[in-house]
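> generate a structure from the sequence data that follows.
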Amino acid sequence: MILYSFAVFLIVIALLPLTRGTHWIIRGWDFIRVQTSFLQILVIILLLTLEFPQESWQYVTLISLVAAFVFQVFVVFPYSRYYPLSQAKPKNADHLKQISLLSSNVLQTNRDYEKLINEIKRKDPDLFLVMETDSKWEEALQLFEEDYPHVVRVPLDNLYGMHLYSKLELSETQVNYLVEKDVPSIFTKVHYGGYKPLNLICVHPAPPSPTENETSEERDAELLIVGKAVRELEDDAQVIVCGDLNDVVWSRVSKLFARITGLIDPRIGRGLFPTFHADYWYLRFPIDHLFHSKNITVNNMERLGFIGSDHFPMYFTFWLEEFQKTEKPEIDEETNEEVEERIQEGIERAE
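Next up, the predicted model:
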């Protein structure tokens, strides 16, 4: 009976994130679909070997659990190496500009600066974004400012500080507080010598959790406001949205974000690259992301080593293809209404 009760629990938590519920108790189950899939297959094996169904309700429970397991595999499978890559290497790759970017949530209380500094020196990216940075982190990273003369500084003591360092010229830089008054985002243009600059948007919305926001409404609103901003760019704009999004790529809102922007998640066909929690191998999920427009192709995607944070850094190299238009996807009225509704709900909750 205990096994069947646990089976029902595993079925329910697999389906809960499909609802429109925004409380962390509902949204949190989306994060651990990989872990709960292993639990599901374990319980299926135990039921078949130790408590084979006898009653009709037991058969229904077992079949439902198998269906829930298949569903979760279906959700996660695109983010495995066995799924086709979302993009092939450009035919003219040898003639395209290639840029590298490192992104890392450093954990504000982490004072082991050298680990991250060594990773930055080792990879030598064109740009690097660091989050949860306060004034002490800013001071520790000053040694890079000679090689990275273009810096956006937003030191904060609330776990949402953000710094962007670039070897390449930046322009039209804005530090925005899209939903919550103490959670910044960076909008800038990166000049790499191309016909038009690269549009770079760096975000780190607060997650739904017992210690942060009670619901996902603020996070959802910020991601969708960014999505609307991407839609307003020209069709040939090169766009990257990156940072600690505090959401998994298969969630309802992440899918909605991708649908309205047409941006690509390079994890598709490459692997999960789980970045959090760095201290617990059995409880890790992918929440540090980079989404890019179709005129950008990711060449390399790598999870870097432990830096003392609860997140692993991510490193990307990508080709930039000029003069390639990427028309924004058409969205129906129902999708548009959901976007506007979620944005309004998030703004109202943040007030």
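> only C-alpha atoms for contact and neighbour calcs from this point on.
Fine.
> what's the burial count for residue 95?
Residues within reach of residue 95, counting by other CA atoms under 10 Å, total 10.
> okay, it and residue 127: tell me how far apart.
Here the criterion is CA to CA, to the nearest Å. By it, residue 95 lies 21 Å from residue 127.
> again with residue 256
28 Å.
> go on, residue 234?
23 Å.
> show me which of those two is the more surrounded one.
Set side by side, residue 234 and residue 127 show unequal neighbour counts under other CA under 10 Å, the larger going to residue 127 at 20 against 12.
> list the contacts of the more buried one.
With contacts taken as CA atoms under 8 Å, 6 or more residues apart in numbering, residue 127 has the following neighbours: 100, 101, 102, 148, 164, 165, 166, 167, 168.
> quick one: which of those is nearest to residue 226?
Lowest distance from residue 226 to the contacts of residue 127 (CA to CA) belongs to residue 164, with 17.8 Å.
> state the phi and psi torsions of the closest one.
Backbone torsions of residue 164, given as degrees, to the nearest 10, read phi -120, psi 130.
> dump the residue contacts of it.
When the contact criterion is CA under 8 Å, 6+ apart, the partners of residue 164 are 127, 128, 129, 130, 151, 152, 153.
> can we see that at 7 Å?
For residue 164, the contact set (CA atoms under 7 Å, 6 or more residues apart in numbering) comprises 128, 129, 130, 151, 152, 153.
> same question for residue 16.
Under the criterion of CA under 7 Å, 6+ apart, the contact list for residue 16 reads residue 26.
> residue 39 falls within a helix, correct?
Yes: per DSSP: H, G, I helix; E, B strand; the rest coil, residue 39 lies within a helix segment.
> how near is it to residue 233?
Distance check for residue 39 against residue 233: by CA to CA, it reads 44 Å.
> and residue 323, what's its pLDDT?
Looking at residue 323, its pLDDT stands at 68.
> roughly how far is stretch 273-290 from the heart of the chain?
10 Å (CA atoms, centre = their mean, to the nearest Å).
> got a markdown table for the contacts of residue 127, with distance to residue 177 too?
Rendered in a markdown table, the data for these read as follows (distance: CA to CA, whole Å):
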| residue | distance to residue 177 |
| --- | --- |
| 100 | 26 |
| 101 | 23 |
| 102 | 23 |
| 148 | 25 |
| 164 | 16 |
| 165 | 20 |
| 166 | 22 |
| 167 | 25 |
| 168 | 24 |
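> filter those down to just the ones in helices.
Per DSSP state H, helices hold no members of the contacts of residue 127.
> now pLDDT too, for the residues you listed, in CSV please.
Shown next, in CSV, are the contacts of residue 127 (pLDDT from 0 to 100):
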residue, pLDDT
100, 98
101, 98
102, 98
148, 98
164, 98
165, 98
166, 98
167, 98
168, 97
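> looking at those, which is nearest residue 59?
The shortest approach to residue 59 among the contacts of residue 127 belongs to residue 102, at 49.8 Å (CA to CA).
> from what I can see the closest one touches residue 314, true?
Yes: shown here, residue 102 and residue 314 form a contact pair, counting by CA atoms under 7 Å, at 5.7 Å.
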